[in-house]
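Engineer: generate a structure from the sequence data that follows.
(one chain, ligands or ions: 1)
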Amino acid sequence: MLETLSPQLQDKILELIALYRDDPRPQKIDLGVGVYKDASGLTPIMRAVKAAEKKLWEAEKTKTYTTLAGDPGFADALIAMILGAGCANRAAAVATPGGTGAIRQALELIKLASPAATIWLSNPTWPNHPSIIKYLGMKMAEYRYFDPASCGVDFAGLMDDLAKVQPGDVVLLHGCCHNPTGANLDTSQWAQLVPLLKSRRAVPLVDLAYQGFGDGLDEDAAATRLIASSFPEVLIAASCSKNFGIYRERTGLLIALGDPARKAITQGNLNFLNRQNYSFPPDHGARLVTMILQDAALTADWKAELEEVRQNMLTLRQSLADELRRATNSDRYDFIARHRGMFSRLGLTESQVMALRNRHGIYMVGDSRINIAGLNARTVAILAAAIAAVEG
Ligand code: LMR
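Structural biologist: I've put the predicted structure just below:
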């Protein structure tokens, strides 16, 4: 049997981990996979997470199963954090292994409910979106998103393409901090997009993996909240990997908003999908998140540390834009300071990306996406000088 398998293409983001690890050059810089790092290069365990783990170790009496949907307290706490109050009667939800698990279960739910639906993806999007859709044998289409000339959003192209959405099609939107580009819709653009998608009778699927990394915890949920209050049905795939820094704990939530009268049936289908794919979802990370969000002191400390993380990335953005002004004697990289979240697509060619890797030991994804948090006060100038060198 196994002899029939052919090699799989490596994931373009994850393959960088091994390439970077195997590079012997001490001055190498890792701007690949989206993991937050502090100035010393460590991905820290957040203070509130450590405190919750200690409390949990002392208080936890059993490791028996939770429910197929996970701990209901986790769903309640995360729904309140994402959507605020008032959605509970419309929201069915299941805990999932990370945000990827939530995306996967969202797509499985769509496949169950509406197998012929087309899933519309931004061009570009996180490469695992089309990969999972293709693996599930579902239909997909692309809408324009990134304008290489300005490194901002091609909003006219986006609106043109999404005007072609058919009733019942699913439109995958990044709730904030677009991955891979870092370019985001502003409030007035969301306010134009929502009525267009409503008029097309689309179903939004919001990928919310970086809440708190862009403009703030509530600000980053604003588009998702607008969508939630505007459409009869919305799917939201949320990740706690980044904003709680619990990557390996695999902590995510899929929320399905719909008709309150149909909530129990939707919930039953979400539970069924969990059962088919992995039965009970992981609980450790979800429990930590719940403990933090249910305790005022832990919440305050977590929010404060998340804000430090966000400010650190904003500072790195500004200093990289400043250094690139100096190094290239132009303002063409000023967009880096306007982008939000963990990533910016720099607009370099694939051969420039390879030159940065081969000549300078600087690792980024082939489309020139950098992880801003992979930089620090020392490496910003090194990156800027290297970019100027490969441009020339
Ligand atoms: C990324 O885009 O780097 C992260 O979301 C990690 C991943 O799984 O790709």
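Engineer: so which residues on the stretch 101-250 of the chain come close to the ligand?
Structural biologist: With CB under 6 Å from any ligand atom as the criterion, the stretch 101-250 of the chain meets the ligand at residues 126, 179. (Glycine included, C-beta is placed from N, CA and C.)
Engineer: please redo it, this time with the cut-off set to 8 Å
Structural biologist: By CB under 8 Å from any ligand atom, the part of the stretch 101-250 of the chain that sits against the ligand consists of 126-128, 179-180, 209, 241-242.
Engineer: including neighbour count and pLDDT, could those residues go into TSV?
Structural biologist: Putting these into TSV (neighbours: other CB atoms under 10 Å; pLDDT from 0 to 100) gives the following:
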residue	neighbour count	pLDDT
Trp126	24	97
Pro127	16	95
Asn128	18	96
Asn179	23	98
Pro180	26	98
Ala209	27	98
Ser241	22	98
Lys242	23	98
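Engineer: all strands for this structure, in order.
Structural biologist: According to DSSP state E, the chain carries its strands in the segments 29-30, 91-96, 118-123, 139-144, 146-147, 152-153, 170-174, 203-208, 234-239, 252-257, 343-345, 362-363, 369-371.
Engineer: mean confidence score for the first one?
Structural biologist: In this model, strand 29-30 carries a mean pLDDT of 96.
Engineer: does that strand reach the ligand?
Structural biologist: No. With CB under 8 Å from any ligand atom as the criterion, the ligand is not reached by strand 29-30; the gap is at least 11.3 Å.
Engineer: that strand pairs with which strands?
Structural biologist: Looking at strand 29-30 with DSSP bridges, its paired strands and their directions are strand 362-363 (parallel).
Engineer: which parts of the stretch 251-392 of the chain sit against the ligand?
Structural biologist: Looking at the ligand, the residues of the stretch 251-392 of the chain close enough under CB under 8 Å from any ligand atom are 342-343, 365, 371.
Engineer: closest one to Gln105 out of the residues you listed, please.
Structural biologist: Met342 (23.4 Å; CB to CB).
Engineer: got the contact list for the closest one?
Structural biologist: Residues in contact with Met342, defined by CB atoms under 8 Å, 6 or more residues apart in numbering, are 34, 36, 177, 179, 182, 210, 213, 242, 313, 371-373.
Engineer: now list the buried members of the residues you listed.
Structural biologist: 34, 36, 177, 179, 182, 210, 213, 242, 313, 371-373 (16 or more other CB atoms under 10 Å).
Engineer: what about these, which are in helices?
Structural biologist: Residues of the buried ones among the contacts of Met342 located in helices (DSSP state H): Met313.
Engineer: closest one of the buried ones among the contacts of Met342 to the ligand?
Structural biologist: The shortest approach to the ligand among the buried ones among the contacts of Met342 belongs to Gly34, at 3.0 Å (CB to the nearest ligand atom).
Engineer: find the residue closest to that closest one in space, skipping its chain neighbours.
Structural biologist: Met342 (5.0 Å; CB to CB, 6 or more residues apart in numbering).
Engineer: what's the domain layout of this structure?
Structural biologist: According to the domain assignment given by automatic domain parsing, the chain is divided into the following structural domains: 10-45+299-391, 65-294.
Engineer: most tightly surrounded among the ones you listed?
Structural biologist: Per-residue neighbour counts averaged over each of the domains of the chain give the maximum for domain 65-294, namely a mean of 19 (mean count of other CB atoms under 10 Å).
Engineer: that one: end-to-end distance?
Structural biologist: 21 Å (CA to CA, to the nearest Å).
Engineer: again, but for stretch 244-261
Structural biologist: In stretch 244-261, first residue to last residue: 34 Å (CA to CA).
Engineer: next, the contact list for Ala95, please.
Structural biologist: Under the criterion of CB under 8 Å, 6+ apart, the contact partners of Ala95 comprise 69-71, 74-75, 251-253, 281-283, 286.
Engineer: what does Ile82 give?
Structural biologist: Taking CB under 8 Å, 6+ apart, we find Ile82 in contact with 208, 211, 221, 224-225, 236, 238, 255.
Engineer: cutoff 10 Å now
Structural biologist: Contacts for Ile82 were tallied using CB atoms under 10 Å, 6 or more residues apart in numbering; they are 91, 175, 206, 208, 211, 217, 220-221, 224-225, 228, 236, 238, 253, 255.
Engineer: pretty sure Gly137 sits against Ile119.
Structural biologist: No. With contacts counted by CB atoms under 10 Å, Gly137 stays clear of Ile119, the gap being 11.6 Å.
Engineer: who touches both of those two?
Structural biologist: Between them, Gly137 and Ile119 share the contacting residues Lys111, judged by CB under 10 Å, 6+ apart.
Engineer: please, where are all the helices along the stretch 251-392 of the chain?
Structural biologist: Across the stretch 251-392 of the chain, reading from the start of the chain, the helices by DSSP state H, counting those that start in this stretch fall at 263-277, 284-293, 296-328, 335-338, 350-360, 379-391.
Engineer: so for the first one, what's the average pLDDT?
Structural biologist: Think helix 263-277. For helix 263-277, the per-residue pLDDT values average out at 98.
Engineer: what does the pLDDT read for Asp259?
Structural biologist: Looking at Asp259, its pLDDT stands at 97.
Engineer: Asp11 too?
Structural biologist: The score at Asp11 is 87. That number is its pLDDT.
Engineer: these two touch, right, it and Pro127?
Structural biologist: Yes. Asp11 lies in contact with Pro127 (CB under 10 Å); the separation is 6.9 Å.
Engineer: hmm, back to that, can you redo the contacts of Ala95 as CSV with pLDDT?
Structural biologist: Compiled in CSV, the contacts of Ala95 are given as follows (pLDDT from 0 to 100):
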residue, pLDDT
Ala69, 98
Gly70, 98
Asp71, 96
Phe74, 98
Ala75, 98
Thr251, 98
Gly252, 98
Leu253, 98
Pro281, 98
Pro282, 98
Asp283, 98
Ala286, 98
